[in-house]
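# Give me a 3D structure for the following:
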Amino acid sequence: QVQLVESGGGLVQPGGSLRLSCAASGFTLDYYAIGWFRQAPGKEREGVSCISSRDGGTYYPDSVKGRFTISKDNAKNTVYPQMNSLKPEDMAVYYCAAGPGGLSIPEYDYWGQGTQVTVSS
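Numbers count the residues shown, from 1 in each chain. As a prediction, this is how the structure comes out:
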C-alpha cells in the first residue's frame, strides 16, 4: 500500500527557512518521482518542486526558483524540500505526491495528507 506522510510544517517568520519531509512507504523512490504542491486558502493547488525517480533531477517553477530546493535519501525513502527566504505568499498547506514527474497535478496518483506552513511575523 502506497503511503506518503509529510511532516515539518509550522510557523516561520518572513525570510526564514523550513525543511519539510515526505516519508514514503509501499514503494521505493527509484520507482516514482515525488512532487511537492501547495494550496493556499481560496487558491488552486500548484506545484512547487519535483524530484525524479531515476537520476534525482529536480524542477522548480519560477515562483520558488532560487529559494526552494528538494533532495531525497533513498536509504530512508524520504524526500526533503528545503524552503528558504520564505514569504507570506508561501503560506499554504504543502503536499507531497508520487507520480511520473513534472508538476501536472492530474498525473499524480498518490498524495499525502498535507502539512501546514504559516509565514507570519
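# ok, the host helix or strand of Thr69: who's next to it in the sheet?
Assigned by DSSP states H and E, Thr69 falls within strand 68-73. When pairs are called by DSSP bridges, strand 68-73 turns out to pair with strand 78-83 (antiparallel).
# pLDDT of the partner strand, averaged?
The pLDDT scores in strand 78-83 average 97.
# And the contacts of that strand?
17-24, 29, 34, 36, 48-49, 51, 64, 67-73, 90, 94, 96, 117 (C-beta atoms under 8 Å, 6 or more residues apart in numbering). Heads up, the C-betas are built off the backbone N, CA and C, glycines and all.
# Burial check on Ser53, number of neighbours?
By the measure other C-beta atoms under 10 Å, the count of residues near Ser53 is 20.
# What of Ile70?
24.
# Would you mind confirming that Ser21 makes contact with Leu4?
No - in this structure, Ser21 is not within contact of Leu4 by C-beta atoms under 8 Å, at 10.4 Å.
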